[in-house]
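S.K.: next come a sequence and a model predicted from it.
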Amino acid sequence: QVQLVESGGGLVQAGGSLRLSCAASGRTVSSYVLGWFRQAPGKEREFVAAILWSGASTTYPTSVKGRFTISRDNAKNTVYLQMNSLKPEDTAVYYCAADRTAMLRTTPYEYQYWGQGTQVTVSS
């Protein structure tokens with residue numbers, strides 16, 4: 001079992017920045033992929049970023065590429081999502097997810113473990 005706890009959400013003005021954290025506990029995640037997803041009211045859960053814990057390879061959709069950065073801290077067993085140049089359309093609940101694989105995953109059904117989510121609200 002892997003437990004994931006997100007933090008760092010909040011209210012920010014358009015153009016601002018936030019950094020989300022996802023602390024992993026339980027089994028070691030050294031052979032896992034860690035991902036961030038988001039879900040706005042009435043919309044499907046959307047892929048935001050993913051990173052391989054072992055090699056730090058990353059992938060992003062075009063909607064956030066160049067604005068969001070995913071990273072990890074091995075010592076703290078924590079994954080971060082740095083979000084810059086935020087837009088009102090980035091408003092959503094952001095979820096951290098994990099799965100035991102050496103491949104970058106970009107769809108929600110490919111992830112086994114999920115955090116509880118953290119709200120990000122971007123005002124215009």
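M.R.: Everything's here; your move. Values in this document were obtained by computation on a predicted structure and should not be read as measured data. Residues are numbered from 1 along each chain as shown.
S.K.: who is Q119 paired with across the strands?
M.R.: Beta-bridge pairing for Q119 (DSSP bridges): V93.
S.K.: next, count neighbours for it.
M.R.: By other CB atoms under 10 Å, 12 other residues sit near Q119. From N, CA and C alone the C-beta is placed, and that goes for glycine too.
S.K.: what's the answer for T91, then?
M.R.: When neighbours are counted by other CB under 10 Å, T91 registers 18.
S.K.: gap between it and Y113?
M.R.: Per CB to CB, to the nearest Å, T91 is found 25 Å from Y113.
S.K.: just the pLDDT at the closest residue to S85 other than its chain neighbours, thanks.
M.R.: Sequence neighbours aside, R67 is the residue nearest to S85 in space, at 4.7 Å (criterion: CB to CB, 6 or more residues apart in numbering). R67 carries a pLDDT value of 98.
S.K.: secondary structure class for the one residue sitting closest to the centre of the chain?
M.R.: Nearest to the mean C-alpha position of the chain, by CA atoms, centre = their mean, lies W36 at 2.3 Å. Under DSSP: H, G, I helix; E, B strand; the rest coil, W36 falls in the strand class.
S.K.: count of neighbours near the closest residue to it other than its chain neighbours?
M.R.: Excluding its sequence neighbours, the residue lying closest to W36 (CB to CB, 6+ apart) is V48, at 4.2 Å. When neighbours are defined as other CB under 10 Å, V48 has 24 of them.
S.K.: so what's V48 up against?
M.R.: By CB atoms under 8 Å, 6 or more residues apart in numbering, the residues touching V48 are G35, W36, F37, R38, Y60, P61, V64, F68, L81, Y94.
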